[in-house]
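> Starting from these lines, generate the structure:
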Amino acid sequence: MNLPKDFLVKMKELLKEEYDEFIKSYDEEKSQGLRINTLKVSIDEFLKICPFNLKKIPWVKEGYYFSSDDRPGKHPYHDAGLYYIQEPSAMAVGEIMDSKPFERVLDLCAAPGGKSTHLASRMNQEGILVSNEIHPARAKILSQNIERLGIKNAVVTNETPENLAKKFKGYFDRILVDAPCSGEGMFRKDLGARDEWSLSNVYHCLKRQLDILENAATMLRVGGRLVYSTCTFSPEENEGVISNFIKLNSNFEIEDVKVYDGFDRGRSQWVEDAVDNIDRTIRIWPHKTQGEGHYIAVLRKTDGEDISKFNFINGVTNKKSIKEYFDFAEENLLENLQGQFVLFGEQLYVVPKEMLSLENMKVLRPGLHLGSIKKNRFEPSHALALYLNGDKVKNKLSFDKDSKEILYYLKGESIGVESGKGWYLVQVDGFSIGWGKLSGNILKNHYPKGLRWL
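Sure, this is the predicted structure:
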């Protein structure tokens, strides 16, 4: 593999006797993983129906390696959001973050959504998850992945850390900073990361990482947990950034967390004037585990200003203004959705309880998108279909994963069905995948055009 010359010199100096084994790992096939979405299917249930060759990833209970012969990204179960394809080492971050139901959680650098969807699965649709991405195009992909996995309690924003810090001071129980980095840990799987790497970029990244951490610290409540991660080997961006942050913020301490077999510890000898307990941080190496490079540090905020007053979002107070939705729900749903209803133009959302006001913020998704209120009618969203299951609707149609009907549906074609007219939740093997509207024994396809199979 053609690796940057300066990178090789640097790693040989750092790793010494480990270097040969480290370089040898680049000749091995990269590991590929998927994480079961337990919001939609239990681990045991998925393993019974799984069409892939899976092998357990030791450090995450929902995580499995799949073989190079498998194509999980081109399968109806993927479109139904039963799993997320994610690099195995990256899954350790969500496991260590350990988000809980009813907490307020922030994923500050969230695209494309692997770690956010992992956090959401542990929250079990309760509490608030704010998933933020500063780049608009990547924020859109993030929002699509939140939608595909059927997550109700996530708000997707497209903001700078500085702007978020002004609004969310002392608000969150847990914050993840999966920081933009030089990407050295991704060289085996990402040619672009190799081409963009330089020593100067390493130093550019570390300054940005420290700025992001400072803003995150402002948004964390006293006693809250801040997890910092990168996919680089660079000590400057890892032990160096954490050491500098602790020196600037004496009200934070490094927590000790469980280390799995094959994981390594942070190395104080690699940075000048490392702080105490830097060896509590975690390194994941491709020559020691079946995964790519990662670094993880867990910080606890021990002191600071305790904020108790917040400006919460105001929901719809006049339910008559969304009468069309309630008419649709009465006709088609078996269970009323709970939460605050918010209208953005003709788009209706249900927003997590105790979410702060979104005024003057760039928001892609203020909660679960229910659909559009048109004149005298309501049109349900794809997001609502992916959130619902068969127990929550009156009409449903389920097709086998290998059937021609599910293929027709994913291609956007109409399907002949003999049944009563109205909205139907379309399913694959009992798992929601989208909407169809039946009239005259023809199911009109409402699968989004941008997602259709070619």
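> Now the spatially most central residue of the chain: which helix or strand?
Nearest to the mean C-alpha position of the chain, by CA atoms, centre = their mean, lies Ser116 at 2.3 Å. Taking DSSP states H and E as the definition, Ser116 sits inside helix 114-123.
> Dump that helix to CSV, keeping only the CA atoms.
What follows is helix 114-123, C-alpha atoms only, in CSV (Å, rounded to 0.1, in the frame of the first residue of the first chain):
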residue,chain,number,x,y,z
GLY,A,114,-23.1,5.9,12.7
LYS,A,115,-22.3,7.0,16.2
SER,A,116,-25.5,9.1,16.5
THR,A,117,-27.7,6.1,15.5
HIS,A,118,-25.8,4.0,18.0
LEU,A,119,-26.5,6.5,20.8
ALA,A,120,-30.1,6.7,19.8
SER,A,121,-30.5,2.9,20.0
ARG,A,122,-29.3,3.0,23.6
MET,A,123,-31.7,5.8,24.5
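> Please pull up the helix or strand immediately following that helix.
Taking DSSP H and E, what comes next after helix 114-123 is strand 128-132.
> Just the mean pLDDT for the helix or strand containing Val105, thanks.
Element membership of Val105, judged by DSSP H and E, is strand 104-107. Across strand 104-107, pLDDT averages out at 98.
> mind listing what's buried in it?
For strand 104-107, burial by neighbour count (16 or more other CB atoms under 10 Å) applies to 104-107. No exception for glycine: its C-beta is placed from N, CA and C like everyone else's.
> Give me the sheet partners of that strand and which way each runs.
Strand pairing for strand 104-107, using DSSP bridges, gives strand 128-132 (parallel), strand 172-178 (parallel).
> most tightly surrounded among the ones you listed?
strand 128-132 (a mean of 27; mean count of other CB atoms under 10 Å).
> can you list contacts of the helix or strand just after it?
Using DSSP H and E, the helix or strand that follows strand 128-132 towards the C-terminus is helix 136-148. Helix 136-148 is contacted from outside by 79, 81, 84, 110-114, 116-117, 120, 131-133, 154, 156-158, 364-365, 369, 382-383, 386, using CB atoms under 8 Å, 6 or more residues apart in numbering.
> and Leu34, what helix or strand is that in?
Short version: Leu34 belongs to strand 33-36, going by DSSP H and E.
> Going C-terminal from that strand, what's the next secondary structure element?
Heading C-terminal from strand 33-36 (DSSP H and E), you reach helix 43-49.
> average pLDDT across that next one?
On average, helix 43-49 scores 98.
> Need the pLDDT of Ala217.
98.
> Now it: which helix or strand?
Ala217 belongs to helix 199-219 when assigned by DSSP H and E.
> helices or strands up against the helix or strand that comes right after that helix?
The first helix or strand that comes after helix 199-219 along the chain, using DSSP H and E, is strand 220-230. If contacts are counted by 3 or more CB pairs under 8 Å, 6 or more residues apart in numbering; DSSP states H and E, strand 220-230 sits against helix 91-97, strand 172-178, helix 199-219, helix 239-248, strand 294-301.
> about what we covered before: residues in contact with the strand holding Val105: which ones?
Applying CB under 8 Å, 6+ apart, the contact partners of strand 104-107 are 99, 115-116, 119, 123, 127-132, 164, 168, 171-176, 178, 216, 219, 354.
> which residues touch the helix holding Ala217?
Contacts of helix 199-219 (CB under 8 Å, 6+ apart): 6, 10, 106, 108-109, 161-162, 164-165, 168-172, 175, 177, 179-182, 226, 228, 230, 232, 234, 236-237, 240-241, 244-245, 248-249, 252, 301.
> How far away from the center of its chain is it?
With CA atoms, centre = their mean, to the nearest Å as the basis, helix 199-219 stands 21 Å off its chain's centre.
> Can I get it in PDB, CA atoms only?
The C-alpha trace of helix 199-219 is given here as PDB (Å, rounded to 0.1, in the frame of the first residue of the first chain):
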ATOM      1  CA  LEU A 199       2.100  17.000   8.700                       C
ATOM      2  CA  SER A 200       0.800  20.500   8.400                       C
ATOM      3  CA  ASN A 201      -2.800  19.200   8.300                       C
ATOM      4  CA  VAL A 202      -2.200  17.400  11.600                       C
ATOM      5  CA  TYR A 203      -1.300  20.700  13.300                       C
ATOM      6  CA  HIS A 204      -4.300  22.400  11.600                       C
ATOM      7  CA  CYS A 205      -6.600  19.700  13.000                       C
ATOM      8  CA  LEU A 206      -5.400  19.800  16.600                       C
ATOM      9  CA  LYS A 207      -6.200  23.500  17.000                       C
ATOM     10  CA  ARG A 208      -9.700  23.000  15.600                       C
ATOM     11  CA  GLN A 209     -10.200  20.000  17.900                       C
ATOM     12  CA  LEU A 210      -9.300  22.000  21.000                       C
ATOM     13  CA  ASP A 211     -11.700  24.800  19.900                       C
ATOM     14  CA  ILE A 212     -14.500  22.200  19.500                       C
ATOM     15  CA  LEU A 213     -13.800  20.700  22.900                       C
ATOM     16  CA  GLU A 214     -13.900  24.100  24.600                       C
ATOM     17  CA  ASN A 215     -17.400  24.700  23.100                       C
ATOM     18  CA  ALA A 216     -18.500  21.200  24.100                       C
ATOM     19  CA  ALA A 217     -17.400  21.900  27.700                       C
ATOM     20  CA  THR A 218     -19.700  24.900  27.900                       C
ATOM     21  CA  MET A 219     -22.700  22.800  26.900                       C
END
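> start at 177 instead
Sure, I'll start counting at 177 from here, so that last one is helix 375-395.
> What angle do strand 348-354 and that helix make with each other?
170 degrees (axes from the mean of the first three to the mean of the last three CA atoms, to 10 degrees).
> Flag every buried residue along helix 375-395.
Neighbour-count burial for helix 375-395 [16+ other CB under 10 Å]: 378, 381-382, 385-386, 388-389, 391-395.
> Looking at those, spot the one nearest Lys237.
Nearest to Lys237, judged by CB to CB, of these is Ala392 at 26.7 Å.
> Enumerate every residue touching the nearest residue to Gly209 once chain neighbours are set aside.
With CB to CB, 6 or more residues apart in numbering as the criterion, Gly209 has its nearest non-adjacent residue at 4.0 Å, and that residue is Pro264. For Pro264, the contact set (CB under 8 Å, 6+ apart) comprises 207-209, 233, 239, 241, 465-468.
> Could you identify the buried members of the residues you listed?
Counted by 16+ other CB under 10 Å, those give 207-209, 233, 239, 241, 465-468 as buried.
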